[in-house]
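K.L.:
no sequence on this one, just coordinates:
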């Protein structure tokens, strides 16, 4: 995470009107700081630093923090409940003899984030989704990825494919190994456990092969 803010920059924003990138909270008003962190990570331009001030009233007046280390740990523990993880930094600052905290939360390239973990079923248990599983859940919001994922582990027909998958020059059957919002991973149906090959999702067109009764992937040459 790159946070290129000097203390002077933070102090200038302390006095600004509260906006989309700045929020102030008193020590007794930290119940929804996780919600604030998630909103900052999801809505702020990527890598632009939003700031959550703690120990500061809405009007910018510094309330003060008696035990900054304790508050740092408390807020960080709340933010740690976000999923995927939200990276942030904190600063202890002093103005007019009063100590307060600034939590810097940049817009996240890993968004969307949620105020809690995503769960999936594995055999007879509910478990926290791994990063690949979470990516797959997000991919399912793309209609193309969702349709391809229905055929995960199954044989489909592929037209105009890359020679690394098959030596045929017209049509070959492939197995869908996986798919996310960026690429489809395929393997030769004759060697389903062989070396997979990924194709950009944007290069794929979908059709249905009524003769073979399977999904047909028309892949632009690449």
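P.N.:
Structure's in. What do you need? What you see is a predicted model; the values in this text were computed from it and never measured.
K.L.:
residue 133 against residue 120, yeah?
P.N.:
Yes: using CB atoms under 8 Å, residue 133 makes contact with residue 120 at a distance of 5.5 Å. (Glycine included, C-beta is placed from N, CA and C.)
K.L.:
show me where the chain has strands.
P.N.:
22-25, 49-54, 89-95, 98-106, 119-122, 125-128, 155-159, 171-179, 183-188, 197-200, 204-209, 214-219 (DSSP state E).
K.L.:
which of those sits most buried?
P.N.:
Highest mean neighbour count among the strands of the chain (mean count of other CB atoms under 10 Å): strand 49-54, with a mean of 23.
K.L.:
can you lay out the strands of the chain as a markdown table showing distance to residue 73 and mean pLDDT?
P.N.:
Output for the strands of the chain, formatted as a markdown table (distance: least, CB to CB, whole Å; pLDDT from 0 to 100):
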| stretch | distance to residue 73 | mean pLDDT |
| --- | --- | --- |
| strand 22-25 | 16 | 93 |
| strand 49-54 | 12 | 95 |
| strand 89-95 | 10 | 94 |
| strand 98-106 | 11 | 96 |
| strand 119-122 | 26 | 86 |
| strand 125-128 | 23 | 90 |
| strand 155-159 | 51 | 81 |
| strand 171-179 | 39 | 83 |
| strand 183-188 | 40 | 89 |
| strand 197-200 | 42 | 88 |
| strand 204-209 | 47 | 89 |
| strand 214-219 | 51 | 87 |
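K.L.:
out of those strands, which gets nearest to residue 63?
P.N.:
Closest approach to residue 63 among the strands of the chain (CB to CB): strand 98-106, 7.3 Å.
K.L.:
please state the offset of stretch 151-160 from the chain centre?
P.N.:
Centroid separation for stretch 151-160 versus its chain: 28 Å, with CA atoms, centre = their mean, to the nearest Å.
K.L.:
walk me through the domains of the protein.
P.N.:
Domain assignment for the chain, taken from automatic domain parsing, gives 7-106, 142-219.
K.L.:
pretty sure residue 177 sits against residue 183.
P.N.:
No: judged on CB under 8 Å, residue 177 makes no contact with residue 183 at a distance of 10.7 Å.
K.L.:
looking at the strands of the chain, which is closest to residue 79?
P.N.:
Of all these, strand 98-106 comes closest under CB to CB, at 7.7 Å.
K.L.:
elements contacting the closest one?
P.N.:
helix 7-14, helix 33-43, strand 49-54, helix 68-79, strand 89-95 (3 or more CB pairs under 8 Å, 6 or more residues apart in numbering; DSSP states H and E).
K.L.:
just put those in TSV and tack on distance to residue 103.
P.N.:
What follows is those, written out as TSV (distance: least, CB to CB, whole Å):
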stretch	distance to residue 103
helix 7-14	10
helix 33-43	7
strand 49-54	4
helix 68-79	6
strand 89-95	5
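K.L.:
pick the most buried one from those.
P.N.:
Highest mean neighbour count of the helices and strands packed on strand 98-106: strand 49-54, a mean of 23 (counted as mean count of other CB under 10 Å).
K.L.:
what are the pairing partners of that one, and which direction each?
P.N.:
As defined by DSSP bridges, the strand partners of strand 49-54 come to strand 22-25 (parallel), strand 98-106 (antiparallel).
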